[in-house]
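S.K.: build me a model:
(2 chains)
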Amino acid sequence: MRVVLEHLTKKFGDVAAVNELDLEMRAGEFVALLGPSGCGKTTTLLMIAGIYRPTSGAIIFGDQRVDHLHPKDRGIGMVFQSYALYPHMTVAENIGFPLELRSSVSKAERDKRVREAAALVQVAELLDRRPAQLSGGQQQRVALARALVKRPDILLLDEPLSNLDARLRHEMRGEIKRLQKEVGITSIFVTHDQLEALTMADRVAVMRDGRLQAYATPAELYAKPANRFVAGFIGSPPMNFLDAELAARNGSVVAKIDNLEIPLAHPPATTADTRAATLGVRPEHLAILPPGQGDANAEVYVVEPMGREQIVDVQVGPRRLRAIAPPGFAARIGERVGLRFAPEQIHLFDPSSGDRIA
Amino acid sequence: MATAVIARAPGRSRWPSLVPYAVLLLATVPILVLYLWLFYSSFFPRIEGFRPVGDFTIDNWRFLWDPQSVPQLRNRPPIIPLTINTFVFATMTSLISLLVSSMAGYAFSRLRFRGRRVFLGGVLLLHSFPSVTLLIALFVVLRFLGLYDKLVGVILVQTAFALPFGIWIMKGFFDNIPWDLEMSALVDGAGRLRTWWRIMLPLVKPGLLALGVLLFVEGWNQFLLPFVFMPSGSQQTLSTLVRGILGEGRFVDYGLLTAVGLYYIAPILVLFVLAQDQLMRIYAGGVKG
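M.R.: Down below sits the predicted model:
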């Protein structure tokens, strides 16, 4: 089912936790609400769930406006960050609870659907246990089964992976993504982890201070971030930023950083003579070369081998930049190297507004 | 080798744990001695000073099977109906208080309504209000309602006095339950009432049991209210009977008093032994799987 948020606003006192949010999710889409803590992503999710009432704006499921409806009448299933399993009920009772509240579902039908849902998330052998006897990953699966058992139109997940350890998180990431596609249910999940958002979602809505910063596919967000905040938030290690001045040189445009001049493959459309800009470049688009080659001379500050690659911090004049080098790269701290900016992969942002200019 | 090590370990740790037991024992000894004295004395015809004298007898206990032969009880209702009255009084006050305070405690813990703070403050104020000062006002109210000299009336008064404490205790237990559980129940399709009944109430069961025991004991021990508001006898409780034995004439039959006193406290002792685990939890409420 399609979900549309129109000018959605939630104020707590004078503070707007969510401010004029416009968002549209297509039927069957998996959308991530991504942002740092306090950005309003969970508030948005709780408004969609019907637990918070919006201060203004509209929430539309399909063609129906639902913001006046109770949570139980919205056709949603939800997985909470804490899983919120009922401690006094068995796994089977937990999963069956949403159906217990529907007089239209008979006891036999309920048992059947509980077993189906349990099998879907592979907890069929745990039905008689209590939540306290389950591992974190198992609790997560039970919470998913409970959210799905009443066959909701929309699945909401609040930080579904944050309570799991790193290895399990990776496993559940894939699991939830597969499950979402298998069931084909429109799903919205909240996360502060950009990696989770990029790996799981079809589209990612990046939020900050209650406002939408960008809404695009993971690939678009990564390749063409809409503003400096998004550029810095998405990607690990994060993008390097430099204050630069744009200037014309022999019919093309370069970015001047002190005495460095970096050629630009995609200069901004505006043709003012000179203008200030924030230049952004991802670590993997900085190549480390022998000394004297490339756009700039640099000195190795520190090297962090990561196995598949190495993260190399280099000092360029007063600035420190982060680059990625192949595993074979061997350099000692203090060694002189050359640095090349990939001209196709340079991002430019307006220094005051932070908006992308090229 | 291994067994020696295992055997020594608990031996070493036993000494420090004995200290709290010793302190507790020291504090409990006077009470224990008095209970034992009470039990022992009830089987002797006379008590001189603190010393029971005469031959072993069960004469003091004959109020159980032959109350008419006990002069102090001749003009009083029989002991069994009095016991039933006391039981009804304690049970009803604790049940009604439990029901009201678990609902009110939930509302105070979870709902935001106008006047909530004022109401909470008022409840606390009522709790610190000595009930004696209200006796005359309550007398007027009970008379007006036609509940004076009726068990129902005293039950209502006792319940009202018990509620502030109950509401605060239950609010504390509900406060400890994570909001997520409640939101989850709402999303799963439960309304407020069902959430309270199916999710919240089972999770505060330790609190309910502990509070229930405390309220029952309070009701069982209550003397002032039944004494003042049920003067005519047939609906009286055991506490007024004990007081009657104590206060009748110049001569107090201590032998009879010990026996009736023991009979009166026995159910409470049994209840405490059965419920001590629950009572320990009243200050440690929370959700445990």
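
S.K.: how about the contacts made by the closest residue to B:A275 other than its chain neighbours?
M.R.: In space, and not counting its chain neighbours, B:A275 is closest to B:V213: 4.5 Å by Cβ to Cβ, 6 or more residues apart in numbering or on different chains. Yep, even glycine has a C-beta here, placed from its N, CA and C like the rest. For B:V213, the residues meeting the contact criterion (Cβ atoms under 8 Å, 6 or more residues apart in numbering or on different chains) are B:L271, B:F272, B:A275, B:Q278, B:L279.

S.K.: between those residues, which is nearest A:I154?
M.R.: Minimum distance to A:I154 across the contacts of B:V213 is 42.5 Å, recorded for B:Q278 (Cβ to Cβ).

S.K.: what is the neighbour count of A:V314?
M.R.: By other Cβ atoms under 10 Å in any protein chain shown, 27 other residues sit near A:V314.

S.K.: against chain B, how distant is it?
M.R.: 46 Å (Cβ to the nearest Cβ, to the nearest Å).

S.K.: burial count for the residue in the stretch 1-150 of chain A that chain B sits nearest to?
M.R.: When scored by Cβ to the nearest Cβ, the stretch 1-150 of chain A has A:A132 as its residue closest to chain B, at 2.4 Å. Residues near A:A132, counting by other Cβ under 10 Å, number 11.

S.K.: ok, now A:Y52?
M.R.: 18.

S.K.: need the contact list for it.
M.R.: Counted by Cβ under 8 Å, 6+ apart, A:Y52 has contacts A:K10, A:T43, A:L46.

S.K.: then B:P267?
M.R.: B:F87, B:W220.

S.K.: can you report phi and psi for it?
M.R.: Dihedral angles of B:P267 (phi, psi; degrees, to the nearest 10) stand at phi -60, psi -40.

S.K.: and the pLDDT for it?
M.R.: At B:P267, the model reports a pLDDT of 89.

S.K.: same thing with the one 10 residues further on?
M.R.: Among the per-residue scores, B:D277 holds a pLDDT of 76.

S.K.: which element is A:D111 on?
M.R.: Assigned by DSSP states H and E, A:D111 belongs to helix A:107-120.

S.K.: so what secondary structure elements neighbour that helix?
M.R.: helix A:91-100, helix A:136-148 (3 or more Cβ pairs under 8 Å, 6 or more residues apart in numbering or on different chains; DSSP states H and E).

S.K.: one more time with 10 Å
M.R.: Packed against helix A:107-120 by the contact rule (3 or more Cβ pairs under 10 Å, 6 or more residues apart in numbering or on different chains; DSSP states H and E) you find helix A:91-100, helix A:136-148, helix A:166-183.

S.K.: between that helix and helix A:166-183, how many degrees?
M.R.: 130 degrees (axes from the mean of the first three to the mean of the last three Cα atoms, to 10 degrees).

S.K.: if I pick the closest residue to A:L126 other than its chain neighbours, what's in contact with it?
M.R.: Leaving aside its sequence neighbours, A:L126 sits nearest to A:V91 (Cβ to Cβ, 6+ apart; 5.1 Å). For A:V91, the contact set (Cβ atoms under 10 Å, 6 or more residues apart in numbering or on different chains) comprises A:85, A:114, A:118, A:123-131, A:133-134, A:138-139, A:141-142, A:145-146.

S.K.: over to A:F341?
M.R.: A:F341 touches A:240, A:242, A:255, A:257, A:260, A:262-264, A:279, A:281, A:285-287, A:294-296, A:321, counting by Cβ under 10 Å, 6+ apart.

S.K.: what do you get for A:L34?
M.R.: A:41, A:189-194, A:196-198, A:201, A:204-208, A:213-214, A:218, A:221, A:230, A:233-234.

S.K.: so how far is chain A from the residue nearest to B:A275?
M.R.: From B:V213 to chain A the distance is 20 Å (Cβ to the nearest Cβ).

S.K.: and that residue, what helix or strand is that in?
M.R.: Judged by DSSP H and E, B:V213 forms part of helix B:205-221.

S.K.: and that helix, how far out from the chain middle?
M.R.: Distance of helix B:205-221 from the chain centroid (Cα atoms, centre = their mean, to the nearest Å) equals 6 Å.

S.K.: rounded mean pLDDT for it, please.
M.R.: 89.

S.K.: likewise for stretch B:151-171?
M.R.: Rounded mean pLDDT across stretch B:151-171 is 90.

S.K.: then stretch A:344-358?
M.R.: If you average the pLDDT over stretch A:344-358, you get 88.

S.K.: Three-state assignment for A:L45, please.
M.R.: With DSSP: H, G, I helix; E, B strand; the rest coil as the basis, A:L45 sits in helix.

S.K.: test my guess that it contacts A:C39.
M.R.: No. Between A:L45 and A:C39 there is no contact under Cβ atoms under 10 Å: 11.8 Å.

S.K.: looking at these two, which one has more neighbours?
M.R.: A:C39 (24 against 20).

S.K.: can you tell me how far the closest residue to the more buried one other than its chain neighbours is from chain B?
M.R.: The shortest distance from A:C39 to any non-neighbouring residue, by Cβ to Cβ, 6+ apart, is to A:M207 (4.4 Å). Going from A:M207 to chain B by Cβ to the nearest Cβ gives 21 Å.

S.K.: no more questions from me, cheers.
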